[in-house]
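Novice: just the structure for this:
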Amino acid sequence: MKTRTILCCLALLCAFCAEKATAQIKAYVCEGYDDEDINISSKTDISFSADKSTVTVGKETFKVADVDSILFHKPKFNSVDIVWNGNSATVTIPSSIKGVTSSVSGGHVTITSTNTSEELLYVLSGSSTNGSLTLNGNYKLRMHLNGVSLSSSKGAALDIECGKRVEVKLMKGTVNTLEDCTQGSQKAAFYTKGHLEIKGKGTLNVKGKTKHAICAKEYLQLKSSAGTINILGAVSDGIHCGEGDKTDPENSRFIMDGGTVTISSCGSDCIDSDDYGSMFINGGTANLNISQSDGAGLKCDSIIYMKDGNINLNITGTISQGLRFAYDAYFDGGTVEGAITGNGSKGFKAKKTTAGTTVNNGGDAHFRGTDVTLTLSAGTYTADGTKCGGIRVDKNMYQTAGNIHITKTNSAAVPIEVKGTDSKTGGTRVED
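Specialist: Residues are numbered from 1 along each chain as shown. You can find the predicted model right below:
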């Protein structure tokens, strides 16, 4: 049925282009509450794969199962619209949306939803230097950040308390900025009690002035269509997921499928998958600036899988680590590159801890295709004698593929140190 609908759209396009052979129009590919606008000029700009499972519009390819329609006019979605203007805010709730109420105090907005059957859309725009949104409910929701800038004087800039999946889209071409207040009780400038999924080709800038910049109580996913996320600073972690129940870590995980993330000026870790949470790096680029002492770029209490993507490390803090993990790690693809200038710091740290204080007692590092390039120019941290290093594994390291190249310019640095078995059966390894 979806294929037939798209074919009808294609027929309309042919008729349109017959009248205006040189015209360029926008096609809007609709997926639920989302649309992607793409410039096209001829019928050949829309085509199906041989098995009809995907459709390509312009230079973008979509799964047919995900596409509801292709339109040639801007679609209008039924949404709750929230617009900030300085110290005030306006909430518009269509009569067709039931079970949603709002209260506004200056620029601070509270939304309460009793809906448990319809996945509602909230669209945020405008700016306020004294504004925030708290959203209470018990059902999953979608949110479009459409050029919103909020600096809160009371707590979090965005506090979503639904306990379910929250899909946030950064609208194409927009810049969105969130900042919380100092010395508050909030966990983050952007907090979700539930699963947080971020997508869209816009930009999100976040600064956490009390604790974390972005925090999700359960899993946090940057989808393949995610745009640019800049963490401008955080008292604790830049991005934090997992909270509370260490006996049930199933939903505590960080997933990066795409996007470009740049994180700087954190007091603790750049990205922390806490409470025995796991980490999956499948794509995208993470630029991690680790200037804090005893911090980490990627910190994971459980398993790390890296299949693709790029991790760029700039470690200037002392006794810090680029990637720190306490269970087995599998590096199957992508690249990890970086410069280490902080004394006692390391690029990789497979950490063995005291039995009983973490999910395990140290993990193995498996290099099965990821290319690693590190430069070590730091020396020993004099307070405790910790040496600067490229890869430090407290248990076993296995390299079966991929290229590892670690260069040291300080004689005290140690490129690779493995306490257990160091097995190399493939790939290349250069220490100079």
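
Novice: ok, which stretches of the stretch 301-432 of the chain are strands?
Specialist: Ranges of strands in the stretch 301-432 of the chain, per DSSP state E, counting those that start in this stretch, are 304-306, 310-315, 321-325, 329-331, 335-340, 346-350, 365-368, 371-376, 389-393, 397-401, 403-408, 414-418, 422-424, 428-431.

Novice: looking at these, which is nearest to residue 128?
Specialist: Taking Cβ to Cβ, strand 310-315 is the member of these nearest to residue 128, at 33.4 Å. Using the backbone N, CA and C atoms, a C-beta is placed for each residue, glycine as well.

Novice: what count of nearby residues applies to residue 172?
Specialist: By the criterion of other Cβ atoms under 10 Å, residue 172 has 14 neighbours.

Novice: could you list the buried residues of stretch 198-211?
Specialist: Using 16 or more other Cβ atoms under 10 Å as the test for burial, stretch 198-211 gives 198-211.

Novice: how about residue 36: which residues does it bridge to?
Specialist: Judged by DSSP bridges, the bridge partners of residue 36 are residue 29.

Novice: so where's the stretch 251-400 of the chain shaky on pLDDT?
Specialist: 352-362 (pLDDT under 70).

Novice: again, 50 this time
Specialist: 357-360 (pLDDT under 50).

Novice: still on that earlier bit, turn the buried residues of stretch 198-211 into TSV, columns for secondary structure, distance to residue 152 and pLDDT.
Specialist: Converted to TSV, those look like this (DSSP: H, G, I helix; E, B strand; the rest coil; distance: Cβ to Cβ, whole Å; pLDDT from 0 to 100):
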residue	secondary structure	distance to residue 152	pLDDT
198	strand	20	98
199	strand	24	97
200	coil	22	96
201	coil	26	95
202	coil	20	98
203	strand	20	98
204	strand	16	98
205	strand	14	98
206	strand	12	98
207	strand	11	98
208	strand	11	98
209	coil	9	97
210	coil	10	96
211	coil	13	96
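
Novice: which one of these sits closest to residue 419?
Specialist: The closest of the buried residues of stretch 198-211 to residue 419 turns out to be residue 211 (Cβ to Cβ; 34.3 Å).

Novice: mind giving me the packing neighbours of the host helix or strand of residue 287?
Specialist: In this assignment (DSSP states H and E), residue 287 forms part of strand 285-290. Contact partners of strand 285-290 among helices and strands, from 3 or more Cβ pairs under 8 Å, 6 or more residues apart in numbering; DSSP states H and E: strand 260-263, strand 269-273, strand 296-300, strand 310-315, strand 321-325.

Novice: give the contact list for residue 310.
Specialist: Neighbour list for residue 310: 284, 285, 286, 334, 335, 336, 337 [criterion: Cβ atoms under 8 Å, 6 or more residues apart in numbering].

Novice: please repeat the previous calculation with a cut-off of 6 Å.
Specialist: Going by Cβ atoms under 6 Å, 6 or more residues apart in numbering, residue 310 touches 285, 335.

Novice: again, but for residue 103
Specialist: By Cβ under 6 Å, 6+ apart, residue 103 lies in contact with residue 110.

Novice: helix, strand, or coil at it?
Specialist: For residue 103, the assignment made with DSSP: H, G, I helix; E, B strand; the rest coil gives strand.

Novice: any idea of the pLDDT on it?
Specialist: Listed pLDDT for residue 103 reads 98.

Novice: same check on residue 57?
Specialist: Turning to residue 57, the model gives it a pLDDT of 86.

Novice: distance of it relative to residue 200?
Specialist: Distance, residue 57 to residue 200, by Cβ to Cβ, to the nearest Å: 17 Å.

Novice: kindly report the same for residue 157.
Specialist: Going from residue 157 to residue 200 by Cβ to Cβ gives 18 Å.

Novice: kindly report the same for residue 253.
Specialist: According to Cβ to Cβ, residue 253 stands 21 Å off from residue 200.

Novice: hang on, the earlier thing: neighbouring strands - and their directions - for the strand holding residue 287?
Specialist: strand 260-263 (parallel), strand 310-315 (parallel).

Novice: got the CA positions of it in PDB?
Specialist: Output of strand 285-290 as PDB, limited to C-alpha atoms (Å, rounded to 0.1, in the frame of the first residue of the first chain):
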ATOM      1  CA  THR A 285      32.000  11.600  15.100                       C
ATOM      2  CA  ALA A 286      32.800  12.300  18.700                       C
ATOM      3  CA  ASN A 287      35.300  15.100  19.500                       C
ATOM      4  CA  LEU A 288      36.200  14.700  23.100                       C
ATOM      5  CA  ASN A 289      38.200  17.400  24.900                       C
ATOM      6  CA  ILE A 290      39.300  16.000  28.300                       C
END
